[in-house]
Structure formats: C-alpha cells, structure tokens
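J.: Mind folding the following:
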Amino acid sequence: MTPLFLFRPEPGWTVSADTARAMGLEVRGAPLFEIEPVEWETPDPALYDGLLLGSANALRHGGKALEDYRSLPVHAVGDATAEAARAAGFLMGQVGRGGLQTLLDSLAGRELHLLRLAGEDRVPLAVPDGIRIDTRVVYRAVPRAIEEADAQALALGGVVALHSGAAARRFAEEFDRLGLARSLVTLVVIGPRVAEAAGEGWQSVHIADAPGDSEILALAKALCQTPPVGKGGAHE
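T.: You can find the predicted model right below:
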C-alpha cells in the first residue's frame, strides 16, 4: 500500500493520523507549522454581535481575553471549530460547511458587526452588504522543515493530504527545496483553492467531495490502495 503523508499543524495532525491508521493506512509526515499565540488588542465586546472564527486555533491561542467574549455567539467555519467553541463555553451562531466565505455569505441580509479572530495567514473575504468585520490576529504559524526521514520516503513517491492553502504552499516550497520529483507524488486536497496553492507538476491532484477531514481521508485511502498510473497534473 502507498504511504499517506500528513503535514497539517497540531492538534489536527494527530487527529488525522489516528483516523487514517484506524482505516488501515500507513501514515508518515509531521506538521510543517508550529502554532503560537500573538498578543492582541481586545476591543469592547459590547461593540459586536458575534465572533467569526475560521479555525479552532483562535480558541486555543486567544488566551484569557476570550473570556470577555463568551456572551457573543460564535459563527464557526465548520464542525471542528464549532465543537471547540462549545467546549470553551461559547454559544453557537451559524456553523458553516464549505469555507469561511460560504459561511459569511450565509449571514448576508443581516445587520451584523463581527469580530474576526484569525491567524496572520488568513483567507481574504468579500463582505456582504450590512455586515462589518473587525479583525484581530491572535495566532501565527511558524514554518518547519520536512524531516529527513520523510524527505527520503517522499523521494519514492506517495499520497499527500493537504488541509489548507498555507499547508499546500509550505509543502510545495519544501518539496522543491529538497529537489524532489513532483511527478511521483499524488495530492489529495480539501478544496480547489488548496489545489491552486499547491501548484502544478504533481502526478495528479484530487479534490475531496466536501471540505472535511473524513472526506479527504476517505479519498486518500482509495488512492493509497490504487497503484499510480502515468504522469500529469489532472485535477479531479
């Protein structure tokens, strides 16, 4: 069976790795980022109608200041972020499916002033009429190198799962720095923007049916069990 390489930050890496191993996959890789908190200015919670969260990292690294915002409903990008918000004692607003822009679009038609808690590297948003967003950066991702043992394994080919555009860009940079052959590696990505961030020249690029860990791992399992055929850069 072809090995599966995972490169997302913790704690997502361990969650995905444990799930993949339970599915019978050989898992390699390590996080290419270490997430660390950023000191942030805390505006008056009374100014806002809710929090906008694109990652559970905002909750993990926002610090004690988050306690002041527990009266505000959280609009979360997906189930994992919503689960983390509930565990931290927040009330839930809207829970998205398909990215932060899709979530924001679902709020269109309301008059809302939202506080977005985000990382330094974040997705730009087209804000619907009637919605105002203030952004505070509460965490950053510090890049790490691909480990030597993983580089040697990648030189022989494999399936790589990429959960974000930042991970895709970092992986491509490291892969090229190491002088490895893109044509030997199959990518499984969580969405079209991630495929775009990874660039061209891979053996193939496959996009999960839905932007979730279970969907990307199910697709990865099928590809790990299928012998590679030919070369190219097809997006499916």
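J.: what's in contact with the one helix or strand residue 152 maps to?
T.: Taking DSSP states H and E as the criterion, residue 152 maps to helix 148-154. Residues outside helix 148-154 that contact it (C-beta atoms under 8 Å, 6 or more residues apart in numbering) are 3, 5, 28-30, 146, 160, 175, 178, 180, 185. Where you see a C-beta, it was placed from the backbone N, CA and C, and this is true even at glycine.
J.: For it, what is the distance to the chain centroid?
T.: How far helix 148-154 lies from its chain's middle: 23 Å, per C-alpha atoms, centre = their mean, to the nearest Å.
J.: Which of the helices or strands spans the closest residue to residue 129 other than its chain neighbours?
T.: In this structure, residue 129 finds its nearest non-sequential neighbour in residue 108, 7.5 Å apart by C-beta to C-beta, 6 or more residues apart in numbering. In the assignment (DSSP H and E), residue 108 maps to no helix and no strand.
J.: same thing with the one 10 residues further on?
T.: Element membership of residue 118, judged by DSSP H and E, is strand 112-119.
J.: Would you mind pulling up the elements that that strand packs against?
T.: In this structure, strand 112-119 packs against strand 50-53, helix 57-61, strand 131-143, with contacts taken as 3 or more C-beta pairs under 8 Å, 6 or more residues apart in numbering; DSSP states H and E.
J.: now stretch 117-133: how far from the chain's centre is it?
T.: On C-alpha atoms, centre = their mean, the centre of stretch 117-133 falls 16 Å from that of its chain.
J.: Just the CA atoms of that stretch, as PDB, please.
T.: Extracted in PDB, the C-alpha atoms of stretch 117-133 (Å, rounded to 0.1, in the frame of the first residue of the first chain):
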ATOM      1  CA  LEU A 117     -10.300  36.200  15.400                       C
ATOM      2  CA  ALA A 118      -7.700  34.900  13.000                       C
ATOM      3  CA  GLY A 119      -4.200  33.900  12.200                       C
ATOM      4  CA  GLU A 120      -1.500  36.000  10.400                       C
ATOM      5  CA  ASP A 121      -2.100  34.000   7.300                       C
ATOM      6  CA  ARG A 122      -5.800  34.200   6.600                       C
ATOM      7  CA  VAL A 123      -8.300  34.000   3.800                       C
ATOM      8  CA  PRO A 124      -9.400  37.300   2.300                       C
ATOM      9  CA  LEU A 125     -13.200  37.700   2.500                       C
ATOM     10  CA  ALA A 126     -15.800  39.500   0.300                       C
ATOM     11  CA  VAL A 127     -18.000  41.100   3.000                       C
ATOM     12  CA  PRO A 128     -21.800  41.200   2.200                       C
ATOM     13  CA  ASP A 129     -23.700  44.500   2.500                       C
ATOM     14  CA  GLY A 130     -24.900  45.100   6.000                       C
ATOM     15  CA  ILE A 131     -22.000  43.200   7.700                       C
ATOM     16  CA  ARG A 132     -19.000  44.900   9.200                       C
ATOM     17  CA  ILE A 133     -15.900  42.900  10.300                       C
END
